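Student: Structure, please.
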Amino acid sequence: MQTTLDTIVAFEGKGLHLGEPAAVVVRPAPADHGIVFRRTDVAKDAADIPALWNVVIVSPLNTRIENAAGVSVSTIEHIMAALAGCGVHNALIEVNGPEVPILDGSAAQFVEGFLRAGVRRLAAPLRVIEVRKPVAVQVGEATARLDPADTLHIEFEIDFADRAIGHQEKTLNMANGAFVRELCDSRTFCRSADVDAMRAQGLALGGTLENAVVVDGADVLSPGGLRHKDEAVRHKMLDALGDLYTAGAPILGRYTGHKAGHAVTNALLRALFDDPDAWCWAEADASTAARLPGVGLRWSDLPASA
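Tutor: Residues are numbered from 1 along each chain as shown. The predicted structure follows:
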């Protein structure tokens, strides 16, 4: 069955790139509503933006969606990952500006808020997207692919020259709370030199050592160091889950990413939906539903760092 939140939950912080105060209110929504963002600072007839792959504006730094009126919301990937990982299928997300707050750079605070709000089942069947055959894309050295599977698996590999990150790889079956236990508290990361370059372009103005893991060669500059030895690849998997949720429903398939980012995952979804033989809708029976992210989630799954 489809789900929504049981009550309203709110979050406040700063946007990562513009550095302006940002507030989000996530409201319950009816069946078949999906995930929709609403800008509360613009005219009502131009305010709504569905969180779908075909309105994503390609960006290497974050996931930004934009409607036909040119109204956009950026950095949606962490809250989308939290919704997917908590098994929330319908929600109205009100945002008072162009960015979702970055909070601590992970999805943990969103997850905690959703757990406090509770998830309510709706009297409507849940449709899922079944991957029927392999689909792959490549952009430079980055690759991503989807293969058929009976639940969502994410496999990711990264390779950075900075010794604080280096080569990392991880594979997870995303069923039954794995996202919350393993990934949700992993923060966005960047190189110190990249921060300087982005700020020179007027970006990352809200970035601090408190909401991102900043590395310089072998050194981790953020106070307290890493939450996980492989926090970087875990965060890339978090991003991938959030970006995959712009498919409009849970995906049954195996995602494999190599040096992939937001733009590559979006290109993969476009390739998937461009091939009608590569996917199909299916109604989630009890057995399928039991294998989806968020099912059986418990408070104890939330990491201590959240």
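
Student: ok, now how distant is R127 from D6?
Tutor: Per CB to CB, to the nearest Å, R127 is found 22 Å from D6. For glycine as for every other residue, the C-beta is placed from the backbone atoms N, C-alpha and C.

Student: got it, and D230?
Tutor: 34 Å.

Student: more crowded one of the two?
Tutor: D230 (19 against 14; other CB atoms under 10 Å).

Student: Please verify my assumption that the more buried one contacts T171.
Tutor: No. Counting by CB atoms under 8 Å, D230 does not reach T171; the two are 11.6 Å apart.

Student: Which parts of the stretch 101-250 of the chain are helices?
Tutor: Assigned by DSSP state H, counting those that start in this stretch, the helices in the stretch 101-250 of the chain fall at 108-117, 178-182, 192-200, 231-244.

Student: Convert stretch 40-50 to CSV, retaining C-alpha atoms only.
Tutor: The C-alpha trace of stretch 40-50 is given here as CSV (Å, rounded to 0.1, in the frame of the first residue of the first chain):
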residue,chain,number,x,y,z
THR,A,40,5.9,29.4,-0.9
ASP,A,41,7.7,32.6,-2.0
VAL,A,42,6.3,32.7,-5.6
ALA,A,43,2.8,33.0,-7.1
LYS,A,44,0.6,30.0,-6.4
ASP,A,45,0.0,29.2,-10.1
ALA,A,46,3.8,28.7,-10.6
ALA,A,47,4.7,27.2,-7.3
ASP,A,48,4.5,23.5,-7.7
ILE,A,49,7.3,21.3,-9.0
PRO,A,50,7.0,17.5,-9.1
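
Student: buried stuff in it?
Tutor: V42, A47, I49, P50 (16 or more other CB atoms under 10 Å).

Student: And for stretch 152-167?
Tutor: Neighbour-count burial for stretch 152-167, counted by 16+ other CB under 10 Å, picks out L152, H153, I154, E155, F156, E157, I158, D162, A164, I165.
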